[in-house]
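In: Attaching a predicted model along with its sequence, questions to come.
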Amino acid sequence: MGSVGAKEIPQLLDSNGKRIDGRGLEDLRPLKIEAGVLRRADGSALVEWGENKVMAAVYGPREVHPRHLQQTTKAVVQCRYNMASFSVDERKRPGLDRRSQEISKVISEAFESVLFVEEYPRTSIDIYIEVLQANAGTRCAGVVAASVALADAGIPMVDLIPAVAVGKVAGKIALDLKKEEDNYGEADLPMALVPRSGRLVLLQMEGHMTREELAQALDLGVRGCLQIYQVQKEALRTRYSLESVPSAGVEA
Ligand code: UDP
């Protein structure tokens, strides 16, 4: 432990280059995705990723609320990211704050670029992301969950979008930061990728990196996204494999 003023800060990398949870710099936290977990949503998914637990529910295309947001040429994509009061160590004040508004906006824009919105004029595609337990990287976990939920709802899109935060901890570029690394590291760079085209549809950055570090971080993030993409596809395969449909093949 080092210290800054009265605050103890953890040692983020040990002498063997291992991180506080024993991971190497290029390792993801354990990731589990389950599709179709909510009965009343058109599509849903639960993501358990390290100590994050994030639920996504999707509705639509459906009538637009509030009506004045309706667009005559395309569907509107409305994402609401919400962090539950009980999801973090220090109780978070319930309701929309600036942070959740910002995250909702960047996620809506990311999905608007992969959904065929022109096919559904005057409708809304609603994405609800509920963070039940948070340990850094929740906006990325939200994107990962929402992609699977959109596919579960049968809403056509170019591709699933995997997402991950890359960062700089103790001078090194690291994949998938956890809370202490996010808080005490030098930089945090959440990103979301469209694997089919290689296009990034979400990219934010907090902190500082050199140009070379940024290139290294983007490369590591893309590789991380491709691993996450496999888990997303597997979740959908599990949900829609014939064995998981009890009545499949049974005639009345
Ligand atoms: N966090 C918190 N209280 C808040 C907002 C965030 O404790 O009001 C924690 C939470 O664990 C979150 C982490 O700080 O995952 C990093 O937050 P950030 O804003 O970087 O977003 P995220 O990494 O979750 O996308």
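Out: Received the coordinates, thanks.
In: So which residues of this protein form helices?
Out: Assigned by DSSP state H, the helices in the chain fall at 98-112, 138-152, 179-184, 211-240.
In: elements contacting the first one?
Out: In this structure, helix 98-112 packs against strand 76-83, strand 124-133, helix 138-152, strand 199-203, with contacts taken as 3 or more CB pairs under 8 Å, 6 or more residues apart in numbering; DSSP states H and E. C-betas here are computed from N, CA, C, even on glycine.
In: The last one too?
Out: Contacts of helix 211-240 with other secondary structure elements, assessed using 3+ CB pairs under 8 Å, 6+ apart, are made with strand 31-35, helix 138-152, strand 163-169, strand 172-175, strand 187-194.
In: looking at these, which is buried most?
Out: Comparing these by mean neighbour count (mean count of other CB atoms under 10 Å), helix 138-152 ranks first with a mean of 29.
In: So for that helix, mean pLDDT?
Out: Averaged across helix 138-152, pLDDT comes to 98.
In: And that helix, how far out from the chain middle?
Out: 5 Å (CA atoms, centre = their mean, to the nearest Å).
In: now do stretch 28-45
Out: With CA atoms, centre = their mean, you get 12 Å for stretch 28-45.
In: Quick check: closest non-adjacent residue to Val77.
Out: Of all residues not flanking Val77 in the chain, Glu112 sits nearest, at 4.4 Å (CB to CB, 6 or more residues apart in numbering).
In: Check Ile127 too.
Out: In space, Ile127 is closest to Cys79, 4.2 Å off (CB to CB, 6+ apart).
In: now that neighbour: how far from the ligand?
Out: For Cys79, the distance to the ligand (CB to the nearest ligand atom, to the nearest Å) stands at 14 Å.
In: contacting residues around that residue?
Out: Contacts for Cys79 were tallied using CB atoms under 8 Å, 6 or more residues apart in numbering; they are 104-105, 107-108, 111, 126-129, 146.
In: one more time with 10 Å, if that's ok
Out: 56, 58, 103-112, 125-129, 142-143, 146 (CB atoms under 10 Å, 6 or more residues apart in numbering).
In: Please apply the same query to Met191.
Out: By CB under 10 Å, 6+ apart, Met191 lies in contact with 110, 140, 143, 162-166, 200-205, 217-218, 221-222, 224-225.
In: how much space between it and Ser15?
Out: From Met191 across to Ser15, the span is 30 Å (CB to CB, to the nearest Å).
In: what's the answer for Ile125, then?
Out: Counting by CB to CB, the separation of Ile125 from Ser15 is 50 Å.
In: So which of the two has more stuff around it?
Out: Using other CB atoms under 10 Å, the more surrounded residue of Ile125 and Ser15 is Ile125, with 26 against 6.
In: Who's the closest spatial neighbour of the more buried one, skipping the chain neighbours?
Out: That would be Gly60: by CB to CB, 6+ apart, it lies 4.1 Å from Ile125.
In: What sits closest to Gly221 if chain neighbours are left out?
Out: Val166 is the one closest to Gly221 (CB to CB, 6+ apart), at 4.2 Å.
In: hang on, that neighbour packs against Asp176?
Out: Yes: using CB atoms under 10 Å, Val166 and Asp176 qualify as a contacting pair, with a distance of 7.6 Å.
In: show me the contacts for Ser124.
Out: 59-67, 69-71, 75-78.
In: which one of the residues you listed sits closest to Arg29?
Out: Nearest to Arg29 among the contacts of Ser124 is Val77, at 28.0 Å by CB to CB.
In: Tyr120 versus the closest one, what's the distance?
Out: From Val77 to Tyr120 the distance is 10 Å (CB to CB).
In: Thank you, goodbye.
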